[in-house]
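A.B. asks: no sequence on this one, just coordinates:
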């Protein structure tokens, strides 16, 4: 069971991975993340279109209301905090985020593993839901859409697929 935040869902949607994500994994999120996606979908850009793609899959996500989280840091926003709360409430196995600024704090605070969307792509390859080259192509699309090209994040993500 995965709890996903806004950033990861937008990334995976931009790589055209949402259908595979919900087919291969039990994915949950919060109503606050859905609200963030609705706000993002109002923009006529790549992120807006990706957010709309996620919202089109809303019925295949477990969407939960969570109590206000007392988590308040400079790096963890309200959506991520709601995911931290949810992971405890439903006993999920991991949190999925692409907010690399918040990642270290999330990893320190989460009672479960915190992973990024490239890890999901790698898992889809391992499950034979995607072949390696298709996953790399989708990673390149995500990287271009999310401005990851020529960054340590992107180099690390590509490294996941080295044989």
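C.D. replies: Sure, I can see it. Predicted model only: the values in this text are computed from it and were never measured.

A.B. asks: Could you say which helix or strand holds the closest residue in space to residue 78 that isn't next to it in sequence?
C.D. replies: Excluding the flanking residues, the one nearest residue 78 by Cβ to Cβ, 6 or more residues apart in numbering is residue 32, at 5.9 Å. Every C-beta, even on glycine, is put in place using the N, C-alpha and C of the backbone. Per DSSP states H and E, residue 32 falls inside helix 31-41.

A.B. asks: neighbouring contacts of that helix?
C.D. replies: With Cβ atoms under 8 Å, 6 or more residues apart in numbering as the test, helix 31-41 has contacts from 4-6, 9-10, 47-48, 50-52, 54-55, 58, 63-66, 78-79, 82-83.

A.B. asks: how far is that helix from where the chain is centred?
C.D. replies: Chain-centre distance of helix 31-41: 13 Å, with Cα atoms, centre = their mean, to the nearest Å.

A.B. asks: Then stretch 11-21?
C.D. replies: That offset, for stretch 11-21, works out to 9 Å (Cα atoms, centre = their mean).

A.B. asks: Mind listing what's buried along that stretch?
C.D. replies: Under the neighbour-count criterion of 16 or more other Cβ atoms under 10 Å, stretch 11-21 has 11, 12, 13, 14, 15, 17, 18, 20, 21 buried.
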